[in-house]
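In: need coordinates for the following:
(2 chains)
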Amino acid sequence: MRALYQFAKLSRLKFVSHLDLQRFMQMALRRTDLPVAYSQGFNPHPVMAFASALAVGWISDCEILDVKLAENVSEDFAFRQMASALPPDLPLQRVRLVEDSHPAMMAALSAAEYRILLDGEGAKATASAIGGYMAQSSVIALRKTKSGEKPADIRAMTLALSEEQTEVYTEDKKQTAYSNCIVNNTSVCIGAGAEAALRATLMLTERATLKPDLLVATLAGRAGVPIPSMQIHRLRLLGEGLSGAADLMDL
Amino acid sequence: MGFSESIDRILPGVTKPVRYLGGEYGSVVKEVQPGMVRYAFLFPDVYEVGMSHLGMKILYDVINRRPDAWCERVFSPWPDMHDAMKAAGVPLFSLESRTPISEFDLLGITLQYEMCYTNILSALDLAGIPLKSRDRANGPFVIAGGPCAFNPEPLADFVDLFVLGDGEQSTLDTIDAYKQWRASGLPREEYLRMAARIPGVYVPSLYDVEYHEDGRIKSISPKKGSNAPELVKKAVVTDLDAAQYPETLIVPYGEVVHNRIMLEIFRGCTRGCRFCQAGMIYRPIRERSLEKLTDLAEKLVRSTGYDEISLMSLSSCDYSRIIELSREMAGRFEKRRVKVSLPSLRIDSKLKDTLVETLKVRKTALTLAPEAGTQRLRDVINKGVTEEDLMRSVRDAFEAGWSAVKLYFMIGLPTETDEDVDGIADLARKVVGCYFSLPKDKRAPGLRVTVSASVFVPKPITPFQWCAQLDQNTVIERQQRLKKALFSIKGVDFKYHAPDVSFMEAAFARGDRRLGAVLERAWRLGCRFDGWSDHFRYDLWLEAFRGAGIDPDFYALRERAEDEVFPWDHLDAGPTSAFLLREWHRAQRAEATPDCRLGCEGCGMKRYEGVCL
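Out: The predicted structure is shown next:
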């Protein structure tokens, strides 16, 4: 049996690297009574995988950790055990138990939805450039890959893009002395009063990935303004199901 | 823009921002209640170093178990972060709640080594707290403890009060006194007077120092009417089983120096090595029971998820039931893939059993510290270890599957000659010979012997507090001599460092109040993170000494007369001057003093009621 855990990574921990988070989760599993399956070999470690690495500096509502269990457990047990092993800034949102034969999360992943908050000079102009961008049938940009920079059609990888109202999240929930941060299960701390906000659905597969920062840089370039500062917030991971795109957790 | 946001804005531009995030599993966040005492605990070095320190973990837990107090952590920002904070106008803040340090009630600082003193000034400055205690009209009281608090005089101008000895109780006492003072509405100085009555608390501003014309100290005594004690006795926790010990720990995200469960199995040491300050100031020996230790280990493994437990103490093989303990721990945790390690191994016959027990779990590095190269010099320093002991342990270790051995020595010990230095190379050669004398199928491949030689620094409250440090030129000559001698031995690595840091450390270790001016000058000239070789600026330190008109040789290189008044003579760390002097005499005659569990040596701890058996 496998447990698919969905958790958020709140603003406070946005500079925790993927590698550190991996180590952290290995230790977190040791704090639970879950019958975690261990790898064979000289240095056994829990059999687990993330659906997708989150870049340093981003925040997320939808990270998925896929953990292999050696025995069956109830969903309730699986949730409570993991929830108690995580700190407030990595809140657990849900768990889904699946068979071992369930597709690997990483392979099933097709796209991600983001909120991109823009700030500083160029923010508004960058946001205004989305209409012209979406009207193109193709936009070529230099994409960084493991083997250097390569031109790619990023328009084709932009599945949806729109401007959002800039919201200021209220800070009423569970106020602690960490006063600028909201600690609750659904929303993460973001800076008050961003100048513009985008909502984007971008391809995220092993072969074709468009990162929000490249999209923003391209938009700014088209608008002829400097690249604004941005806060990237991953909202949903999507997979290709039988009836089209769906939340990766529900495939 | 909120304060937290202004921090977030500078983090992307600095190295390892994870140092400044907080939010780790196990960190304590409380709701602020009226009347709560906010305590900031500063470790004046970088996060990875500070998070490896046991004392901070203990006091963090002790304070946070109180509902009326909240202890938060703060570490020295690395220079890049420090400069970014300065540029952005972001003051020093706590990790848990990102509260500016100046808004706390108490600021506790742990003093683990002298070369972190400039970081304390950086921290105060970055917090916006006046450097000198007498200039503070409000803001937190600055409290310092830890081993260097036993000679706190170089910091006397900057620290409001020092806490000597075990902090478990005295830290709580300083909080109680603070609450009392706050409720009283009395002026700031009154808190210091109240604190001076707490066992183990020393308030430097309540004492006057007089000097002889030649610069030596004439007397240190409480100011008239201050009611401060003539002699401040250190605080001692008598029963470690009853003392609070954390049952959970903060689990850092990034890598830290010691990322594991630290289980303190006992405090104090009975060996009486004459160079060792820890062995003197942490007296007497107090053990945690085996039952308490296994109970704590169970809780800590469960609550942290760590896969390693380190059995900590000054000399772990001296635990009275060490074999039983390691067998119990190894058996209990093996199935859960938790390894058990023993740091600071002593060289003796008990070692073999212990090695075999811990090896079952997983191999850990073997470190042996003969400290000196000849039997004569080991007798001078009272390191009760013979060459036979060493060779037996090394053979056991090689037979048990180790192939890497670290050997620790010191250069510049009192009475040392070239012959003693050559002795280090001889020992290394014998260790290598021992490895190759074993049949190939009985030893692990890849021999690695590391010889590490540090420069001896005479420390206060040791029998060597009277002796001169060896001058730097001679140290360098002897380092080169050793380097040459070791060069020809296959499989041996030699590690040593420039003696200038040790020279500064020696000046401050036995320094007096007048060094406060040097410290401040050095800091203003740009000295910080002096314990990090890439940041240490010897030229600036010398400039600071010159500028203050003070000669560092007076403190580091001068042998003291037996009747000299030391800057710490009004502080009682346990061992009496009479005992230390007796040991100094024995050292000069190369006479050993046995382990005091074999018979009381009269060090003075019996003056503390119910503490030493």
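
In: pLDDT-wise, which helix or strand of chain B ranks last?
Out: One helix or strand of chain B scores below all others by mean pLDDT, DSSP states H and E: helix B:351-359, with a mean of 58.

In: next helix or strand past it?
Out: strand B:366-371 (DSSP states H and E).

In: tell me what that following strand is packed against?
Out: helix B:387-399, strand B:404-411 (3 or more C-beta pairs under 8 Å, 6 or more residues apart in numbering or on different chains; DSSP states H and E). Where you see a C-beta, it was placed from the backbone N, CA and C, and this is true even at glycine.

In: B:Leu427 contacts B:Glu387, correct?
Out: Yes: the criterion here is C-beta atoms under 8 Å, and B:Leu427 meets it with B:Glu387 at 7.0 Å.

In: show me the contacts for the residue lying closest to B:Gly26 once chain neighbours are set aside.
Out: Nearest residue to B:Gly26 in three dimensions, chain neighbours excluded: B:Ile250, at 4.2 Å (C-beta to C-beta, 6 or more residues apart in numbering or on different chains). By C-beta atoms under 8 Å, 6 or more residues apart in numbering or on different chains, the contact list for B:Ile250 reads B:Glu24, B:Tyr25, B:Gly26, B:Ser27, B:Met51, B:Lys57, B:Tyr60.

In: what residues are up against B:Gln112?
Out: B:Phe43, B:Asp45, B:His53, B:Gly146, B:Pro147, B:Cys148.

In: following the longest strand belonging to chain A, which helix or strand comes up?
Out: Determined from DSSP state E, the single longest strand within chain A is strand A:229-241. As assigned by DSSP H and E, the chain's next helix or strand after strand A:229-241 is strand A:244-247.

In: what's that next one in contact with?
Out: Counting by C-beta under 8 Å, 6+ apart, A:Ser110, A:Ala111, A:Arg236, A:Leu237, A:Leu238, A:Gly239, A:Glu240 sit against strand A:244-247.

In: I'd like the residues you listed as JSON lines, with neighbour count, distance to B:Asp441 and pLDDT appended.
Out: Output for the contacts of strand A:244-247, formatted as JSON lines (neighbours: other C-beta atoms under 10 Å in any protein chain shown; distance: C-beta to C-beta, whole Å; pLDDT from 0 to 100):
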{"residue": "A:Ser110", "neighbour count": "20", "distance to B:Asp441": "56", "pLDDT": "94"}
{"residue": "A:Ala111", "neighbour count": "25", "distance to B:Asp441": "58", "pLDDT": "95"}
{"residue": "A:Arg236", "neighbour count": "17", "distance to B:Asp441": "60", "pLDDT": "94"}
{"residue": "A:Leu237", "neighbour count": "24", "distance to B:Asp441": "54", "pLDDT": "95"}
{"residue": "A:Leu238", "neighbour count": "24", "distance to B:Asp441": "58", "pLDDT": "94"}
{"residue": "A:Gly239", "neighbour count": "21", "distance to B:Asp441": "55", "pLDDT": "93"}
{"residue": "A:Glu240", "neighbour count": "15", "distance to B:Asp441": "58", "pLDDT": "84"}
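
In: next, format the residues you listed as TSV and append distance to B:Val457.
Out: Compiled in TSV, the contacts of strand A:244-247 are given as follows (distance: C-beta to C-beta, whole Å):
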residue	distance to B:Val457
A:Ser110	63
A:Ala111	62
A:Arg236	60
A:Leu237	57
A:Leu238	62
A:Gly239	63
A:Glu240	67
